[in-house]
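Trainee: what's the 3D shape of this:
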Amino acid sequence: MFPFIYTVLLTFFYIVLIPFLLIISFKNKYKRSIPSRFFLFKNPSFKDKTIHFHSCSLGETLSLKPLIESFDKVNLSVITDTGFEAARKYSNADVRFLPFEIFLWFWLKPGRVLVVTEAELWYLLFYLSKKRGGKTFLINARISDRSYKSYLRLRWFYKKIFENIDFVFAQTETDRERLKTLGAKNVEVAGNIKLAVKPVITKSYEKPKKRVIVAASTHEPEEEIIFTAWLKNNKDSVLVIVPRHPERFDEVDELLSSRCKAERLSYHRFSQKSSFDADVVLVDKMGELINIYTISDLVILGGSFVNVGGHNPLEPAFFNKPIISGKNIYNQKESYSYVGGIELIEADELEEVFEKKDFKPTKIVAKADIKKILKKIKEAYDVV
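Mentor: The predicted structure follows:
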(Lines give C-alpha, C1' and ligand atoms only; values in the text may rest on other atoms or scores of the structure.)
Protein backbone atom coordinates (compact mmCIF):
# COMPACT_ATOMS: atom_id res chain seq x y z
CA MET A 1 0.00 0.00 0.00
CA PHE A 2 2.90 2.38 0.61
CA PRO A 3 3.56 3.23 -3.09
CA PHE A 4 -0.16 4.01 -3.54
CA ILE A 5 -0.38 6.20 -0.40
CA TYR A 6 2.87 7.94 -1.32
CA THR A 7 1.58 8.72 -4.82
CA VAL A 8 -1.76 10.06 -3.51
CA LEU A 9 0.01 12.39 -1.08
CA LEU A 10 2.38 13.60 -3.79
CA THR A 11 -0.55 14.23 -6.11
CA PHE A 12 -2.25 16.50 -3.58
CA PHE A 13 1.05 18.30 -3.09
CA TYR A 14 1.44 18.68 -6.85
CA ILE A 15 -2.05 20.19 -7.27
CA VAL A 16 -1.34 22.77 -4.58
CA LEU A 17 2.00 23.56 -6.19
CA ILE A 18 0.70 24.12 -9.74
CA PRO A 19 0.19 27.93 -9.52
CA PHE A 20 3.70 28.39 -8.13
CA LEU A 21 5.18 26.12 -10.81
CA LEU A 22 3.46 28.07 -13.56
CA ILE A 23 4.89 31.34 -12.22
CA ILE A 24 8.51 30.20 -11.86
CA SER A 25 8.43 28.42 -15.22
CA PHE A 26 8.83 31.86 -16.83
CA LYS A 27 12.20 32.40 -15.14
CA ASN A 28 15.22 31.66 -17.34
CA LYS A 29 16.62 29.22 -14.81
CA TYR A 30 13.50 27.03 -14.97
CA LYS A 31 11.91 27.79 -18.34
CA ARG A 32 12.83 24.38 -19.74
CA SER A 33 13.09 22.11 -16.69
CA ILE A 34 9.78 23.04 -14.99
CA PRO A 35 7.53 22.49 -18.08
CA SER A 36 9.38 19.25 -18.85
CA ARG A 37 9.41 17.81 -15.34
CA PHE A 38 6.04 18.93 -14.01
CA PHE A 39 3.90 19.15 -17.16
CA LEU A 40 5.73 16.66 -19.46
CA PHE A 41 6.09 19.35 -22.12
CA LYS A 42 8.24 17.91 -24.94
CA ASN A 43 9.39 15.20 -22.55
CA PRO A 44 8.29 11.77 -23.83
CA SER A 45 9.38 8.44 -22.39
CA PHE A 46 12.66 6.88 -23.44
CA LYS A 47 12.44 4.87 -26.65
CA ASP A 48 14.92 2.06 -25.98
CA LYS A 49 15.13 -0.53 -23.22
CA THR A 50 18.73 -0.07 -22.18
CA ILE A 51 20.75 1.16 -19.22
CA HIS A 52 19.26 4.25 -17.56
CA PHE A 53 21.62 6.73 -15.90
CA HIS A 54 20.21 9.51 -13.75
CA SER A 55 21.99 12.58 -12.35
CA CYS A 56 20.94 15.91 -10.94
CA SER A 57 22.98 18.78 -12.32
CA LEU A 58 26.16 19.70 -14.17
CA GLY A 59 28.83 18.18 -11.93
CA GLU A 60 27.06 14.87 -11.44
CA THR A 61 26.32 14.55 -15.16
CA LEU A 62 29.95 15.17 -16.09
CA SER A 63 31.12 12.65 -13.49
CA LEU A 64 29.25 9.89 -15.34
CA LYS A 65 31.43 10.24 -18.44
CA PRO A 66 33.64 7.13 -17.96
CA LEU A 67 30.54 5.00 -17.33
CA ILE A 68 28.33 6.40 -20.10
CA GLU A 69 31.08 6.10 -22.70
CA SER A 70 31.50 2.41 -21.84
CA PHE A 71 28.14 1.59 -23.45
CA ASP A 72 26.97 1.89 -27.06
CA LYS A 73 23.63 3.43 -26.13
CA VAL A 74 22.25 4.79 -22.85
CA ASN A 75 19.26 6.67 -21.51
CA LEU A 76 20.16 9.67 -19.37
CA SER A 77 17.77 11.70 -17.21
CA VAL A 78 18.59 14.91 -15.33
CA ILE A 79 16.95 17.49 -13.08
CA THR A 80 18.41 20.89 -14.02
CA ASP A 81 19.00 22.90 -17.19
CA THR A 82 22.78 22.83 -16.68
CA GLY A 83 22.63 19.06 -16.29
CA PHE A 84 20.56 18.81 -19.47
CA GLU A 85 23.09 20.82 -21.48
CA ALA A 86 25.95 18.65 -20.23
CA ALA A 87 23.97 15.48 -20.96
CA ARG A 88 23.30 16.49 -24.56
CA LYS A 89 27.04 16.43 -25.25
CA TYR A 90 27.12 12.64 -24.89
CA SER A 91 26.67 11.35 -28.43
CA ASN A 92 25.40 7.95 -27.29
CA ALA A 93 22.80 9.26 -24.83
CA ASP A 94 19.06 9.73 -25.23
CA VAL A 95 18.43 12.64 -22.84
CA ARG A 96 15.31 13.57 -20.86
CA PHE A 97 14.35 15.57 -17.81
CA LEU A 98 13.21 13.25 -15.02
CA PRO A 99 9.50 13.94 -14.46
CA PHE A 100 7.97 14.60 -11.07
CA GLU A 101 7.46 11.23 -9.37
CA ILE A 102 3.69 10.88 -9.85
CA PHE A 103 4.22 10.76 -13.63
CA LEU A 104 6.76 7.93 -13.43
CA TRP A 105 3.99 5.31 -13.23
CA PHE A 106 3.31 5.70 -16.94
CA TRP A 107 6.42 7.63 -18.12
CA LEU A 108 9.07 5.18 -16.89
CA LYS A 109 9.29 2.14 -19.17
CA PRO A 110 10.86 -1.21 -18.13
CA GLY A 111 14.65 -1.01 -18.28
CA ARG A 112 17.57 -3.35 -17.74
CA VAL A 113 19.63 -1.33 -15.26
CA LEU A 114 19.14 1.95 -13.38
CA VAL A 115 22.23 3.85 -12.18
CA VAL A 116 21.62 6.92 -10.00
CA THR A 117 24.31 9.30 -8.73
CA GLU A 118 24.87 10.73 -5.26
CA ALA A 119 21.76 11.86 -3.36
CA GLU A 120 19.03 11.50 -6.01
CA LEU A 121 16.92 9.26 -3.79
CA TRP A 122 13.57 9.32 -5.61
CA TYR A 123 11.41 6.57 -4.10
CA LEU A 124 9.22 5.83 -7.14
CA LEU A 125 12.17 5.89 -9.53
CA PHE A 126 13.82 3.02 -7.68
CA TYR A 127 10.58 1.23 -6.81
CA LEU A 128 9.20 1.16 -10.35
CA SER A 129 12.58 0.32 -11.94
CA LYS A 130 12.98 -2.60 -9.55
CA LYS A 131 9.34 -3.76 -9.86
CA ARG A 132 9.64 -3.81 -13.65
CA GLY A 133 12.63 -6.13 -13.65
CA GLY A 134 15.68 -3.88 -13.62
CA LYS A 135 18.76 -3.96 -11.39
CA THR A 136 19.23 -0.73 -9.44
CA PHE A 137 22.42 1.08 -8.39
CA LEU A 138 23.22 4.13 -6.31
CA ILE A 139 26.77 5.30 -7.02
CA ASN A 140 29.05 7.98 -5.62
CA ALA A 141 26.75 8.06 -2.61
CA ARG A 142 27.59 10.38 0.26
CA ILE A 143 25.88 11.87 3.29
CA SER A 144 27.35 15.09 4.68
CA ASP A 145 27.68 15.77 8.39
CA ARG A 146 25.00 18.42 8.15
CA SER A 147 22.53 16.22 6.28
CA TYR A 148 22.95 13.07 8.35
CA LYS A 149 20.70 14.21 11.22
CA SER A 150 17.93 15.01 8.73
CA TYR A 151 18.30 11.60 7.14
CA LEU A 152 18.06 9.90 10.52
CA ARG A 153 14.81 11.68 11.34
CA LEU A 154 13.30 10.10 8.22
CA ARG A 155 15.07 6.76 8.56
CA TRP A 156 11.82 4.84 8.06
CA PHE A 157 11.34 6.49 4.66
CA TYR A 158 14.90 5.96 3.46
CA LYS A 159 14.63 2.33 4.49
CA LYS A 160 11.73 2.06 2.03
CA ILE A 161 13.90 3.56 -0.70
CA PHE A 162 16.89 1.29 -0.03
CA GLU A 163 14.63 -1.77 -0.15
CA ASN A 164 14.61 -1.17 -3.91
CA ILE A 165 18.33 -0.49 -4.43
CA ASP A 166 20.40 -3.58 -5.23
CA PHE A 167 23.92 -2.13 -5.02
CA VAL A 168 25.41 0.99 -3.45
CA PHE A 169 28.87 2.46 -4.04
CA ALA A 170 29.81 4.98 -1.35
CA GLN A 171 32.51 7.63 -1.52
CA THR A 172 34.05 6.89 1.89
CA GLU A 173 33.91 4.42 4.76
CA THR A 174 31.99 7.02 6.80
CA ASP A 175 29.39 7.28 4.03
CA ARG A 176 29.19 3.49 3.91
CA GLU A 177 28.35 3.21 7.60
CA ARG A 178 25.80 6.02 7.42
CA LEU A 179 24.09 4.48 4.42
CA LYS A 180 23.89 1.09 6.12
CA THR A 181 22.27 2.78 9.11
CA LEU A 182 19.57 4.06 6.75
CA GLY A 183 18.92 0.57 5.40
CA ALA A 184 21.28 0.33 2.43
CA LYS A 185 22.54 -3.15 1.53
CA ASN A 186 25.45 -4.39 -0.58
CA VAL A 187 27.43 -1.21 0.11
CA GLU A 188 31.02 -0.90 -1.12
CA VAL A 189 33.47 1.99 -0.98
CA ALA A 190 34.80 3.11 -4.37
CA GLY A 191 35.84 6.74 -3.78
CA ASN A 192 34.49 9.81 -5.50
CA ILE A 193 34.01 9.08 -9.21
CA LYS A 194 34.65 12.74 -10.00
CA LEU A 195 38.31 11.92 -9.37
CA ALA A 196 38.27 9.70 -12.44
CA VAL A 197 37.08 12.45 -14.78
CA LYS A 198 39.74 14.85 -15.98
CA PRO A 199 38.45 18.29 -17.00
CA VAL A 200 38.19 18.86 -20.74
CA ILE A 201 39.61 22.14 -22.03
CA THR A 202 37.41 23.46 -24.83
CA LYS A 203 39.20 26.73 -25.56
CA SER A 204 42.63 28.28 -25.03
CA TYR A 205 43.05 31.88 -23.89
CA GLU A 206 46.09 34.12 -23.91
CA LYS A 207 47.41 34.71 -20.42
CA PRO A 208 47.97 38.38 -19.57
CA LYS A 209 51.32 39.54 -18.19
CA LYS A 210 49.73 40.25 -14.82
CA ARG A 211 48.80 37.54 -12.35
CA VAL A 212 45.35 36.06 -12.90
CA ILE A 213 43.28 35.69 -9.75
CA VAL A 214 40.07 33.73 -10.30
CA ALA A 215 37.19 34.08 -7.84
CA ALA A 216 35.28 30.93 -8.78
CA SER A 217 31.65 29.97 -8.13
CA THR A 218 30.93 33.01 -5.99
CA HIS A 219 27.72 33.81 -4.11
CA GLU A 220 26.34 37.05 -2.72
CA PRO A 221 28.11 38.93 -1.07
CA GLU A 222 31.39 37.19 -1.91
CA GLU A 223 31.98 39.33 -5.00
CA GLU A 224 31.93 42.45 -2.82
CA ILE A 225 34.12 40.83 -0.13
CA ILE A 226 36.74 39.58 -2.58
CA PHE A 227 36.78 42.77 -4.67
CA THR A 228 37.25 44.98 -1.59
CA ALA A 229 40.13 42.86 -0.28
CA TRP A 230 41.78 42.68 -3.72
CA LEU A 231 41.47 46.46 -4.20
CA LYS A 232 44.11 47.09 -1.52
CA ASN A 233 46.73 45.16 -3.54
CA ASN A 234 45.58 45.15 -7.14
CA LYS A 235 48.53 46.61 -9.04
CA ASP A 236 49.99 43.41 -10.43
CA SER A 237 46.92 41.26 -10.99
CA VAL A 238 43.69 40.78 -12.93
CA LEU A 239 40.64 39.83 -10.89
CA VAL A 240 38.37 37.39 -12.72
CA ILE A 241 35.00 36.82 -11.07
CA VAL A 242 32.84 33.84 -12.01
CA PRO A 243 29.44 33.79 -10.21
CA ARG A 244 28.01 30.38 -9.42
CA HIS A 245 24.53 31.08 -10.81
CA PRO A 246 23.91 32.64 -14.24
CA GLU A 247 20.78 34.45 -13.05
CA ARG A 248 23.07 36.68 -10.96
CA PHE A 249 25.24 37.84 -13.89
CA ASP A 250 23.45 41.18 -14.31
CA GLU A 251 23.38 41.81 -10.58
CA VAL A 252 27.13 41.21 -10.27
CA ASP A 253 27.79 43.29 -13.38
CA GLU A 254 26.02 46.23 -11.80
CA LEU A 255 28.14 45.89 -8.67
CA LEU A 256 31.48 45.53 -10.45
CA SER A 257 30.91 48.20 -13.07
CA SER A 258 29.95 50.67 -10.34
CA ARG A 259 32.93 49.83 -8.13
CA CYS A 260 35.41 49.85 -11.00
CA LYS A 261 34.12 53.18 -12.28
CA ALA A 262 34.53 54.70 -8.83
CA GLU A 263 38.06 53.30 -8.51
CA ARG A 264 39.00 54.15 -12.13
CA LEU A 265 39.68 50.53 -13.01
CA SER A 266 39.14 48.94 -16.40
CA TYR A 267 36.36 46.37 -16.55
CA HIS A 268 34.36 44.30 -19.01
CA ARG A 269 31.99 41.37 -19.26
CA PHE A 270 33.45 38.24 -20.82
CA SER A 271 30.40 37.78 -23.04
CA GLN A 272 31.23 41.10 -24.69
CA LYS A 273 35.00 40.65 -24.88
CA SER A 274 36.66 37.24 -24.51
CA SER A 275 39.96 38.43 -23.11
CA PHE A 276 41.58 39.32 -19.81
CA ASP A 277 43.15 42.66 -20.72
CA ALA A 278 41.39 44.57 -17.92
CA ASP A 279 41.73 45.07 -14.19
CA VAL A 280 38.47 43.21 -13.53
CA VAL A 281 36.61 40.73 -15.74
CA LEU A 282 33.16 39.26 -15.08
CA VAL A 283 32.81 35.83 -16.65
CA ASP A 284 29.14 35.69 -17.60
CA LYS A 285 29.30 32.65 -19.89
CA MET A 286 28.68 29.07 -18.85
CA GLY A 287 31.30 26.36 -19.38
CA GLU A 288 34.34 28.64 -19.32
CA LEU A 289 35.66 28.09 -15.80
CA ILE A 290 37.76 25.05 -16.72
CA ASN A 291 39.41 26.97 -19.58
CA ILE A 292 40.13 29.91 -17.29
CA TYR A 293 41.68 27.71 -14.61
CA THR A 294 44.45 26.84 -17.06
CA ILE A 295 45.73 30.45 -17.09
CA SER A 296 45.09 31.25 -13.43
CA ASP A 297 47.78 31.93 -10.86
CA LEU A 298 45.46 31.72 -7.85
CA VAL A 299 41.92 30.43 -7.30
CA ILE A 300 39.64 31.85 -4.62
CA LEU A 301 36.95 29.20 -4.22
CA GLY A 302 33.51 30.70 -3.56
CA GLY A 303 30.61 29.36 -1.57
CA SER A 304 32.99 29.05 1.38
CA PHE A 305 33.00 32.61 2.77
CA VAL A 306 29.20 32.52 3.19
CA ASN A 307 26.88 29.88 4.61
CA VAL A 308 26.66 27.80 1.44
CA GLY A 309 28.98 24.96 2.38
CA GLY A 310 31.68 25.29 -0.25
CA HIS A 311 32.12 23.98 -3.78
CA ASN A 312 34.12 21.16 -5.29
CA PRO A 313 37.88 21.97 -5.35
CA LEU A 314 38.82 19.10 -7.66
CA GLU A 315 38.72 21.04 -10.95
CA PRO A 316 41.38 23.65 -10.09
CA ALA A 317 43.35 20.95 -8.26
CA PHE A 318 43.54 18.90 -11.48
CA PHE A 319 45.67 21.77 -12.82
CA ASN A 320 47.66 22.01 -9.55
CA LYS A 321 46.50 25.58 -9.01
CA PRO A 322 46.93 27.26 -5.61
CA ILE A 323 43.53 27.37 -3.91
CA ILE A 324 42.35 29.73 -1.18
CA SER A 325 39.05 28.87 0.49
CA GLY A 326 36.84 30.04 3.30
CA LYS A 327 36.11 27.71 6.19
CA ASN A 328 32.43 27.07 5.43
CA ILE A 329 32.99 23.80 3.58
CA TYR A 330 30.59 21.49 5.41
CA ASN A 331 29.01 20.26 2.16
CA GLN A 332 32.38 19.49 0.59
CA LYS A 333 34.48 18.06 3.42
CA GLU A 334 35.15 14.83 1.56
CA SER A 335 36.12 16.61 -1.67
CA TYR A 336 38.48 18.87 0.26
CA SER A 337 40.09 15.82 1.86
CA TYR A 338 41.00 14.59 -1.63
CA VAL A 339 43.10 17.70 -2.30
CA GLY A 340 46.38 18.57 -0.61
CA GLY A 341 47.55 22.15 -0.19
CA ILE A 342 44.29 24.12 0.06
CA GLU A 343 44.64 27.13 2.35
CA LEU A 344 41.58 27.76 4.56
CA ILE A 345 41.12 31.31 5.82
CA GLU A 346 38.54 33.73 7.21
CA ALA A 347 37.08 36.42 4.96
CA ASP A 348 38.93 39.17 6.80
CA GLU A 349 42.25 37.49 5.95
CA LEU A 350 41.79 37.87 2.19
CA GLU A 351 43.58 41.21 2.13
CA GLU A 352 46.73 39.54 3.46
CA VAL A 353 46.42 36.83 0.81
CA PHE A 354 46.59 39.36 -2.00
CA GLU A 355 49.80 40.75 -0.55
CA LYS A 356 51.57 37.43 -1.17
CA LYS A 357 53.49 36.71 -4.34
CA ASP A 358 54.04 32.98 -4.07
CA PHE A 359 51.51 30.25 -3.36
CA LYS A 360 51.85 26.51 -2.96
CA PRO A 361 50.28 24.42 -5.72
CA THR A 362 47.58 21.92 -4.80
CA LYS A 363 47.44 18.28 -5.82
CA ILE A 364 44.87 15.50 -5.75
CA VAL A 365 45.87 12.91 -3.17
CA ALA A 366 43.09 10.31 -3.62
CA LYS A 367 41.77 7.98 -6.30
CA ALA A 368 38.46 6.43 -7.32
CA ASP A 369 37.93 2.81 -8.34
CA ILE A 370 35.79 3.40 -11.40
CA LYS A 371 36.61 -0.10 -12.74
CA LYS A 372 34.94 -1.75 -9.74
CA ILE A 373 31.72 0.17 -10.38
CA LEU A 374 31.73 -0.46 -14.12
CA LYS A 375 32.35 -4.19 -13.68
CA LYS A 376 29.36 -4.57 -11.36
CA ILE A 377 27.08 -2.55 -13.65
CA LYS A 378 28.08 -4.55 -16.73
CA GLU A 379 27.53 -7.83 -14.89
CA ALA A 380 24.01 -6.73 -14.00
CA TYR A 381 23.39 -5.42 -17.52
CA ASP A 382 24.44 -8.72 -19.11
CA VAL A 383 22.33 -10.82 -16.72
CA VAL A 384 19.06 -8.87 -16.95
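Trainee: longest helix of this protein, counting residues only.
Mentor: helix 2-24 (DSSP state H).
Trainee: can you name every helix or strand that that one contacts?
Mentor: Packing contacts for helix 2-24, counted by 3 or more Cβ pairs under 8 Å, 6 or more residues apart in numbering; DSSP states H and E, involve helix 33-39, helix 123-131. No exception for glycine: its C-beta is placed from N, CA and C like everyone else's.
Trainee: and these as a markdown table, adding distance to Tyr330 and mean neighbour count?
Mentor: Rendered in a markdown table, the data for the helices and strands packed on helix 2-24 read as follows (distance: least, Cβ to Cβ, whole Å; neighbours: other Cβ atoms under 10 Å):
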| stretch | distance to Tyr330 | mean neighbour count |
| --- | --- | --- |
| helix 33-39 | 27 | 20 |
| helix 123-131 | 26 | 21 |
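Trainee: nearest to Lys321, out of the ones you listed?
Mentor: Between Lys321 and the helices and strands packed on helix 2-24, the tightest spacing by Cβ to Cβ is seen for helix 33-39, at 32.0 Å.
Trainee: next one: the closest one to chain centre, how far?
Mentor: 20 Å (Cα atoms, centre = their mean, to the nearest Å).
Trainee: other residues contacting it?
Mentor: Contacts of helix 33-39 with the rest of the structure, by Cβ atoms under 8 Å, 6 or more residues apart in numbering, involve 14, 17, 21, 24-25, 41-43, 79-81, 84, 96-100.
Trainee: rewinding a little: if we go by neighbour counts, what in the longest helix of the chain is buried?
Mentor: 6, 10, 21 (16 or more other Cβ atoms under 10 Å).
Trainee: closest one to Phe162 out of the residues you listed, please.
Mentor: Tyr6 (15.0 Å).
Trainee: mind listing what that closest one touches?
Mentor: Tyr6 touches 123-124, counting by Cβ under 8 Å, 6+ apart.
Trainee: how near is it to Leu104?
Mentor: To Leu104, Tyr6 is 11 Å away according to Cβ to Cβ, to the nearest Å.
Trainee: list residues touching both of those two?
Mentor: In contact with both Tyr6 and Leu104: Leu124, using Cβ under 8 Å, 6+ apart.
Trainee: can you pull up the most central residue in this protein?
Mentor: Centroid check for the chain by Cα atoms, centre = their mean gives Gly59 as the closest residue, at 3.4 Å.
Trainee: tell me the pLDDT of that one.
Mentor: Predicted confidence (pLDDT) for Gly59: 86.
Trainee: now the one 5 residues further on
Mentor: Among the per-residue scores, Leu64 holds a pLDDT of 96.
Trainee: can you report phi and psi for it?
Mentor: phi -80, psi 0 (degrees, to the nearest 10).
Trainee: cool, Ser217 as well?
Mentor: phi 50, psi 50.
Trainee: my guess is Tyr381 contacts Gly111. True?
Mentor: No - with contact defined as Cβ atoms under 8 Å, Tyr381 does not reach Gly111; the gap is 10.1 Å.
Trainee: quickly list the domain ranges of this structure.
Mentor: 2-191+369-383, 211-364 (automatic domain parsing).
Trainee: those: which one's closest to Ile201?
Mentor: Per Cβ to Cβ, nearest to Ile201 of these: domain 211-364, 5.7 Å.
Trainee: could you tell me the end-to-end distance of that closest one?
Mentor: Length of domain 211-364, first residue to last, Cα to Cα, to the nearest Å: 23 Å.
Trainee: what does stretch 295-302 give?
Mentor: 18 Å.
Trainee: hmm, back to that, just the buried subset of the contacts of helix 33-39, written out for ChimeraX, thanks.
Mentor: Here is the ChimeraX command that selects the buried residues among these (16+ other Cβ under 10 Å):
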select :21,25,43,79,80,81,84,96,97,98,99,100
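Trainee: before we move on, the earlier item: for Asn186, which of the helices and strands packed on helix 2-24 is the nearest?
Mentor: Closest among those, once you apply Cβ to Cβ, is helix 123-131, at 13.3 Å.
Trainee: just to revisit the earlier point, relative to helix 123-131, how tilted is the longest helix of the chain?
Mentor: 130 degrees (axes from the mean of the first three to the mean of the last three Cα atoms, to 10 degrees).
Trainee: quick one: helix 2-24 to chain centroid distance?
Mentor: 26 Å.
Trainee: what mean pLDDT does stretch 124-132 have?
Mentor: According to the model, stretch 124-132 has a mean pLDDT of 97.
Trainee: oops, could you answer that again for stretch 262-274 instead?
Mentor: 96.
Trainee: could you do stretch 170-179 as well?
Mentor: 94.
Trainee: so what's Asp284 closest to, chain neighbours aside?
Mentor: Phe249 (4.0 Å; Cβ to Cβ, 6 or more residues apart in numbering).
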